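Q: for reference, the sequence and a predicted model appear below.
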Amino acid sequence: MDKLIVHGGATLHGSINISGSKNASLPILAATLLTGDPCIIRRVPDVSDTNYMIQILSALGAEVERSSGTVRITCGEISDVAPYDLVRRMRASICVMGPLLARKGRAVVSLPGGCVIGDRPVDLHLRGLEALGAKVEVEGGNILLTAKDGLRGAEIDLRGTHGPTVLGTDNVMMAATLADGITIIESAAAEPEVLDLANFLNSMGAKISGAGTRRIVIEGVKELHGVEHTVIPDRIEAGTFMAAAAIAGEGVRLNRVSREHLKAITSAIEESGHRVEFNEAGDSCVIHRGEQTRGVDLVTAPYPGYPTDMQAQMTALLATTPGISVIKDTIFPQRFMHCAELKRMGADIKVDAGTAVVRGVASLSAAPVMASDLRASAALLLAALKAKGSTEISRLYHIDRGYEHIDEKLLMLGANVERVKG
């Protein structure tokens, strides 16, 4: 297994391009199942999650060609059974369920990696698809969905315990494009990735309005056609590099970003005393590390609030920011596994009931640490940039799930990092 060794102390400078959004690419790739025509999708990041989704589509019978960020997919004759050995590796694979059901009238999808009904909102996906007329059976770790007479429009509320479900909204929206009649999704996720999927579907001939708000209306159509689409920039990758620049940078420039999508992240970084300057178009920004920095209070919330996917990275930034910071994660209250590893590096963090209290320390020191999930691994990498000595981060496959060539991008900015084959 690969490890990343980060030699702390280098100052980041220069510029990089932010990749296309992983979380937008996955449902857009799945949505190609809705038509037999060729679809061309640009700026698909080369990360293991998108590679798994492409493998799933291939296993279902799609013809897939991939070259330098552009994926061409033709889903002519497809199967309605998604294979367990691929689905189990990635929770987002659940979003093939809606398009398969709409196109084939039947879908068999394994419960994704470690997921149980009721834990994380797979139950909301099923509730939404049931409302559209699907029969749902769970048997032997598989979800079997059938709609012998086709799907029909309905009013559906997707509110979950911790807010709206992004993938659930995606799944129901994709299924509803080919349903008979009008579907209204209340308490829909308003994330930019949902809007990007809706724009992709509308380009295919769907009739969707209200995407990007809490109420989405879908008028079913008979069929969809092929299309070309460019994926939006990855706001979490952009936010991660913004935090890296605030921790160890000097005028780092990020290109191919969206100012609109980064408002909450930008606000948090500015509140802690750093400066972020966007160009007029809002697609490029420069981060200036602050002289007088201070602790902040953060509460994660569904978009447009502060994203849970940037909670760990901000914790890493605040670990060496003077003062006391309080970070509450309302979306995934258990998502603080990175804190134990940051404490091994000398951070002063106390976690209790979904809240972390961070007392900024003058410096961190290198230690062998282990990544527990995608965003936790990014937090450890950020902390290591400024830590004294060489930090060894193991289980690097977590970071490769969602960051395209992160070590190469850091090297371009002047960081001293090396990937070691395990």
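A: Sure, I can see it.
Q: what sits up against stretch 243-251?
A: Stretch 243-251 has contacts (CB atoms under 8 Å, 6 or more residues apart in numbering) with 10-13, 252, 254, 269, 272, 274, 286-290, 310, 313-314, 316-317, 320, 382-383, 385-386, 410, 413, 415. Bear in mind the C-beta positions are built from the backbone N, C-alpha and C, glycine included.
Q: give the buried subset of the residues you listed as a PyMOL selection command.
A: Remark: buried members of the contacts of stretch 243-251, expressed as a PyMOL selection using 16 or more other CB atoms under 10 Å:
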select buried, resi 10+12+252+254+269+272+274+286+287+289+310+313+314+316+317+320+382+383+385+386+410+413+415
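Q: which residues of the stretch 151-300 of the chain fall in helices?
A: 166-176, 192-203, 235-248, 263-271 (DSSP state H, counting those that start in this stretch).
Q: quick one: the longest one to helix 263-271, angle?
A: Helix 235-248 and helix 263-271 meet at an angle of 10 degrees, taking axes from the mean of the first three to the mean of the last three CA atoms, to 10 degrees as the criterion.
Q: just the mean pLDDT for helix 235-248, thanks.
A: Taken as a whole, helix 235-248 has an average pLDDT of 98.
Q: was I right to think residue 223 contacts residue 205?
A: Yes - using CB atoms under 8 Å, residue 223 makes contact with residue 205 at a distance of 7.2 Å.
Q: which of the two has more residues huddled nearby?
A: residue 205 (16 against 13; other CB atoms under 10 Å).
Q: now do the SS call for the residue with the largest distance to the centre of the chain.
A: Distance from the C-alpha centroid of the chain, by CA atoms, centre = their mean, peaks at residue 149 (34.4 Å). Following DSSP: H, G, I helix; E, B strand; the rest coil, we place residue 149 in the coil state.
Q: chain neighbours aside, what residue packs nearest to it?
A: residue 133 (7.2 Å; CB to CB, 6 or more residues apart in numbering).
Q: that neighbour contacts residue 153, correct?
A: No - using CB under 8 Å, residue 133 is not in contact with residue 153; the gap is 9.2 Å.
Q: any residues in contact with both of these two?
A: residue 179.
Q: neighbours of the closest residue to residue 336 other than its chain neighbours, how many?
A: In this structure, residue 336 finds its nearest non-sequential neighbour in residue 351, 4.6 Å apart by CB to CB, 6+ apart. Neighbour count of residue 351, defined by other CB under 10 Å: 20.
Q: show me what residue 351 is bridged to.
A: Note on residue 351: beta-bridge partners by DSSP bridges are residue 356.
Q: verify the stated contact: it with residue 337.
A: No - the pair residue 351 / residue 337 is not scored as a contact, 9.4 Å apart, by CB under 8 Å.
Q: which residues of the stretch 51-200 of the chain score low on pLDDT?
A: 113-121 (pLDDT under 70).
Q: swap in 50 and give it another go.
A: Applying pLDDT under 50 to the stretch 51-200 of the chain flags residues 114-118.
Q: now do the strands in it.
A: 63-67, 70-74, 81-82, 106-110, 135-139, 142-146, 155-157, 159-160, 163-164, 182-186 (DSSP state E, counting those that start in this stretch).
Q: I'd like these laid out as a markdown table, including mean neighbour count and distance to residue 241.
A: What follows is the strands of the stretch 51-200 of the chain, written out as a markdown table (neighbours: other CB atoms under 10 Å; distance: least, CB to CB, whole Å):
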| stretch | mean neighbour count | distance to residue 241 |
| --- | --- | --- |
| strand 63-67 | 12 | 25 |
| strand 70-74 | 19 | 23 |
| strand 81-82 | 20 | 34 |
| strand 106-110 | 21 | 34 |
| strand 135-139 | 12 | 41 |
| strand 142-146 | 19 | 37 |
| strand 155-157 | 16 | 37 |
| strand 159-160 | 16 | 30 |
| strand 163-164 | 21 | 26 |
| strand 182-186 | 20 | 33 |
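Q: for the one residue sitting closest to the centre of the chain, what are its contacts?
A: Nearest to the geometric centre of the chain sits residue 23, at 3.8 Å (CA atoms, centre = their mean). Counting by CB under 8 Å, 6+ apart, residue 23 touches 92, 166, 191, 193, 234, 236.
Q: mind redoing it with 7 Å?
A: Residues counted as contacts of residue 23 (CB atoms under 7 Å, 6 or more residues apart in numbering) are residue 193.
Q: so it: helix, strand or coil?
A: Quick answer, by three-state DSSP: residue 23 is helix.
Q: quick check, pLDDT for it.
A: pLDDT, residue 23: 96.
Q: counting neighbours, what do you get for residue 392?
A: 15.
Q: and the helix or strand encompassing it, how far from the chain's centre?
A: Using DSSP states H and E, residue 392 sits in strand 390-394. Centroid displacement of strand 390-394 relative to its chain, using CA atoms, centre = their mean, to the nearest Å, is 24 Å.
Q: got the strands of the stretch 51-200 of the chain as TSV, with distance to residue 371 columns?
A: As requested, the strands of the stretch 51-200 of the chain are exported to TSV (distance: least, CB to CB, whole Å):
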stretch	distance to residue 371
strand 63-67	26
strand 70-74	27
strand 81-82	27
strand 106-110	25
strand 135-139	32
strand 142-146	30
strand 155-157	36
strand 159-160	27
strand 163-164	26
strand 182-186	35
